[in-house]
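got a sequence here, can you build the structure:
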Amino acid sequence: MFRVYAYLRASTNEQDAGRAKEELLYFAHKNDFQIASFFVEHESGARLQRPELFRLLDIAQPGDMLLVEQVDRISRLNTEDWETLKSIIKAKQIRVIALDLPTSHQLIATSDEFTNRMLSALNDMMLDMLAAIARKDYEDRRRRQAQGIAKAQQEGKYRGRPQDLVLQRKIADLLKDGKSYSQIVDYLGCSRRTIAKVAKKNKDGVANDL
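The predicted structure is shown next:
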């Protein structure tokens, strides 16, 4: 017996992290298994420290599955951080199943040890390749963004990223009320990083679970 945990991630609060939920549910139904729980996160895939991902990894037991829409949902990491995450997944004997990685689909139904080891080795290789591609895509987009900003600055058109002042005001009020980071995340659906930025700006706002 094994459990399947689905991981949904978006880089910002403005993006819909749950966009792929129906697709993952359909995949589970088609392959005759149920998803035990969904873990939803608004953090960059280029950051190793993602609370919901690590909560999933902490709960999962050997043989359980980590289900994602695409490999880049779990990794846009640099090589060092990807090796760290991969070693944690491997140590816990968790199988990664990605909709965009067909070789991983076969791990769901394998039973004999030899076939499972062969498929796991192939899947590990493909995971590495897709993780590397995801990282390159991330770096390319960052470079193009920086070039676009530099050009706009030269032309006097760049005004910077608009700040969500309403959200910041709400966060500041909750911090003043003594609410924890976790409580504010639950209330507002924002990231802990956003809360930390507001807390830094408002010295009188103190959170109790940094």
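
for residue 108, which residues are in contact?
Shown here is residue 108, whose contacts under the criterion C-beta atoms under 8 Å, 6 or more residues apart in numbering are 31, 33, 65, 97. (C-beta placed from N, C-alpha, C; glycine too.)

now residue 31
Applying C-beta under 8 Å, 6+ apart, the residues contacting residue 31 are 105, 108, 109.

adding distance to residue 123, write the contacts of residue 108 out as JSON lines.
Written out in JSON lines, the entries for the contacts of residue 108 read as follows (distance: C-beta to C-beta, whole Å):
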{"residue": "31", "distance to residue 123": "16"}
{"residue": "33", "distance to residue 123": "17"}
{"residue": "65", "distance to residue 123": "12"}
{"residue": "97", "distance to residue 123": "9"}
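
could you tell me which of those belong to helices?
The helices in this structure, assigned by DSSP state H, contain none of these.

narrow these to those in strands?
Counting by DSSP state E, the members of these that fall within strands are 65, 97.

all helices of this protein, in order?
Secondary structure of the chain (DSSP H): helices at 21-30, 51-59, 79-91, 102-105, 113-154, 165-176, 181-188, 192-201.

so for residue 6, which of those sits nearest?
For the helices of the chain, distance to residue 6 was read as C-beta to C-beta. The smallest value, 5.0 Å, belongs to helix 21-30.

who's in contact with that closest one?
With C-beta under 8 Å, 6+ apart as the test, helix 21-30 has contacts from 4, 6, 8, 34, 35, 38, 67, 68, 69, 99.
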